[in-house]
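Engineer: Make a model of this:
(chains A and B)
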Amino acid sequence: MEVDRVDGRTPNQLRPLTCSRNVLNRAHGSARWSQGDTILLAAVYGPKAGTRKNGNPEKASIEVIWKPKTGQIGKEEKEYEMILERTLQSICLLTVNPNTTTSIILQVVNDDGAVSFLENYVMFKMAYLTKKVQLLPSAINAASAALVDAGIPLKHLAVAISCGLEESGSVLLDPTKLEEQKMKAFAYLVFPNSVASILPEASLQVEGELLEHGMITSVTHGVMSVDSYLHCLERGRSASAKMSDFLRRSLQSRVPNDLPKTG
Amino acid sequence: MRFFKKTTWAPSLRRLSGLRREEKQEDIMGLTDASGDLAGEMEVDAFRRLFPLRFYERHLLESIRPDARPLGKARDTTMALGAVASADGSALVKIGHTTMLAAIKMEVMTPASESPGEGCIAIDFHMPPICSPLIRPGRPAEAAPVLSKQLTDIILSSEMVDLKELCLIPGKAAWMAYLDIYCLDADGALFDAALLSAVAAFSHLCIPAVSVNDEGRVFAISEEQIEGKSLKEPLNKGKRKLTLSCTPLALTCILHKKYILADPTAEEESIMETLATVVLDMSGRLVSFYKPGGTFLAYTSAVQDCISLTRQRVKELQEILTEAIADLELD
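Structural biologist: Numbers count the residues shown, from 1 in each chain, chains lettered A, B, ... in the order given. As a prediction, this is how the structure comes out:
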């Protein structure tokens, strides 16, 4: 596999990640996630009494509020909210706190400077894509770290990876904005984190496949062949193991005598 | 509760397995036993309302769905091109009960300075309160902006319409295609029906004839004027139909345990919440694999199964589309 990425990474290498928790004082749980130049802040409030409109009172409901770096929210932010909401719903144990609502607020702090690229039309189209490529996976990671910080009961974490597909058909993980412009298609994949369990491995398997190999969420952009998509899936899966190790390490590093916050 | 389960629900469960046979018999004999069977029918109906998931799982065990479809089969699909006479292109599509009305209106605009040789497509998806009991008047449906965003993404990224074909005079005039899709009845698989109606409306689209006057302004001319030859040649002569390449078509599947249910109804969608939408184009390339969360994880085998179900469905839909276009040309 040739190494020709601008920043000298290998095709499977992710950008430097940082994750800090408990960064906001008033929120019940919060996390700051940065991945390269993309920085997101997530805050969790709740569980509060009562479900949302049309919510099932036998289950907890999850509400996601997306705050862009600048400007009003539009259709794309609504789309992000819906994808995040469905994804986070699937990792939370919704039956533990029935008839409650947990709100997750995501604030974009830095989105890789997409605005300065509004120079021509092609770049304009790319700017939208850039937002999606850079923000969506980071947002999911930030939100799942914030949920852990808030102590919301979870089945497992959600680990999100973005894959870019080059014209030649090769897959690059976690593409930067510069790399994106040469790519024809993208896939954003979310997997459960890898499980560290004392149980024998066979008992964790679902129909002969590991739990962490199942995909929670998939969003794609651009036309690709079916084989390339399956290839992305494979690569994303192996990278998600690294990412989940990182998450586990950063979530364990909390000081042991850290007192629980008063709401 | 336990007492009830044992006495009342157990027999109704037994009845469920025999239900299919009885329905067939009724078909043969007409309405012979309607009143006598009412008590039994009520029980099944109550079971369906009280334990919807178990009701469905009981069916899935027999590889059948309550509406008598096998798991991988989509509902009957019909298409009527030209449903809106005032629009330049329109289509009414029904997948089962899900009904979508799509219409395109063309307007002349000045192209953006960044892309002087290209026209533009603006897509909007509407969910009026008549389409579903869950949508109240006055409050816009949450799903509507998300769906219109997704439709825009799919239609533009699949490059079905060559935007250069929408150009009239480079830098001066180009077409703006306003595509509006109205959901008239929301009974599941909204995206599939909306995309199909959009594709159908584009294939029905007939771009109005326009001409340029001495001041350089583009104006529409009617059919009579073309025939009367009172004016000079229309500007877009011979360019009134779009060439559609790589048409994208979609299939939504429910993933539930090891089962995959194609083309779910609204009831199925509300009970089994893991949905995956696959969009393939005519040449079999993947335009989108969209799975927003859900209780069940998608393993590689499930992903492949969904894609192969979609392949079959795309073939079906293509036939329906070709037939509808052929019918239109006959008239």
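
Engineer: Can you give me the distance of the residue most central in space within chain A to A:Thr18?
Structural biologist: For chain A, A:Ile140 is the residue whose C-alpha lies nearest the centre (CA atoms, centre = their mean; 2.4 Å). A:Ile140 is 16 Å from A:Thr18, where distance means CB to CB, to the nearest Å. Backbone N, C-alpha and C define where each C-beta goes, glycine included.

Engineer: Then B:Ser270?
Structural biologist: Counting by CB to CB - B:Ser270 and A:Thr18 are separated by 40 Å.

Engineer: Check A:Leu173 too.
Structural biologist: From A:Leu173 to A:Thr18 the distance is 18 Å (CB to CB).

Engineer: Give me the more crowded residue out of those two.
Structural biologist: Between A:Leu173 and A:Thr18, counted using other CB atoms under 10 Å in any protein chain shown, the more crowded position is A:Leu173 (23 against 11).

Engineer: Look up the residues forming beta bridges with that one.
Structural biologist: Applying DSSP bridges to A:Leu173 yields these beta-bridge partners: A:Cys163.

Engineer: what sits against it?
Structural biologist: Going by CB atoms under 8 Å, 6 or more residues apart in numbering or on different chains, A:Leu173 touches A:11-14, A:161-164, A:235-236, A:239.

Engineer: Separate out the buried members of those residues.
Structural biologist: Buried by 16 or more other CB atoms under 10 Å in any protein chain shown: A:11, A:13-14, A:161-164, A:235-236, A:239, out of the contacts of A:Leu173.

Engineer: Point out the ones among those that are inside helices.
Structural biologist: Among those, the ones falling in helices (DSSP state H) are A:235-236, A:239.

Engineer: any idea which of the residues you listed is closest to chain B?
Structural biologist: A:Gly236 (11.6 Å; CB to the nearest CB).

Engineer: thought the closest one was touching A:Ile161?
Structural biologist: Yes. A:Gly236 is within contact range of A:Ile161, at 4.5 Å (criterion: CB atoms under 8 Å).

Engineer: Common neighbours of those two, please.
Structural biologist: Residues touching both A:Gly236 and A:Ile161 (CB under 8 Å, 6+ apart): A:173, A:189, A:191.

Engineer: Sort out which one of these lies nearest chain B for me.
Structural biologist: Using CB to the nearest CB, A:Phe191 is the member of the shared contacts of A:Gly236 and A:Ile161 that sits closest to chain B, with 8.3 Å.

Engineer: so how far is A:Pro175 from that closest one?
Structural biologist: A:Phe191 is 18 Å from A:Pro175, by CB to CB.

Engineer: the strands in the stretch 1-150 of chain A, which residues?
Structural biologist: Under the criterion DSSP state E, counting those that start in this stretch, the stretch 1-150 of chain A contains strands at A:17-21, A:29-35, A:38-49, A:61-67, A:100-111.

Engineer: Low-confidence bits of the chain, can you list those?
Structural biologist: You didn't pick a chain, so chain A it is. Applying pLDDT under 70 to chain A flags the ranges A:1-4, A:112-133, A:197, A:199-209, A:253-263.

Engineer: Switch to chain B, please.
Structural biologist: Chain B contains residues with pLDDT under 70 at B:1-42, B:223-234, B:237-238.

Engineer: how about the helices in it?
Structural biologist: Going by DSSP H, chain B shows helices at B:2-4, B:10-29, B:38-50, B:52-61, B:143-157, B:190-204, B:223-228, B:266-271, B:300-330.

Engineer: could you dump the ones you listed to CSV with distance to B:Ile121 and mean neighbour count?
Structural biologist: Below are those laid out as CSV (distance: least, CB to CB, whole Å; neighbours: other CB atoms under 10 Å in any protein chain shown):
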stretch, distance to B:Ile121, mean neighbour count
helix B:2-4, 57, 8
helix B:10-29, 46, 13
helix B:38-50, 43, 13
helix B:52-61, 39, 16
helix B:143-157, 7, 21
helix B:190-204, 9, 26
helix B:223-228, 25, 11
helix B:266-271, 28, 17
helix B:300-330, 19, 16
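
Engineer: wait, which of those is closest to chain A?
Structural biologist: helix B:143-157 (4.3 Å).

Engineer: winner for burial among the strands of the stretch 1-150 of chain A?
Structural biologist: Scoring those by mean neighbour count under mean count of other CB atoms under 10 Å in any protein chain shown gives strand A:29-35 as the most buried, with a mean of 24.

Engineer: Parallel or antiparallel, which strands does it pair with?
Structural biologist: Counting by DSSP bridges, the strands paired with strand A:29-35 are strand A:17-21 (antiparallel), strand A:38-49 (antiparallel).

Engineer: Could I have the CA atoms of that strand written out in PDB?
Structural biologist: Provided in PDB are the C-alpha atoms of strand A:29-35 (Å, rounded to 0.1, in the frame of the first residue of the first chain):
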ATOM      1  CA  GLY A  29     -22.100  15.400  31.500                       C
ATOM      2  CA  SER A  30     -19.900  16.900  28.900                       C
ATOM      3  CA  ALA A  31     -17.000  16.100  26.600                       C
ATOM      4  CA  ARG A  32     -14.800  17.900  24.100                       C
ATOM      5  CA  TRP A  33     -13.600  15.900  21.100                       C
ATOM      6  CA  SER A  34     -11.000  16.900  18.700                       C
ATOM      7  CA  GLN A  35      -9.800  15.100  15.600                       C
END
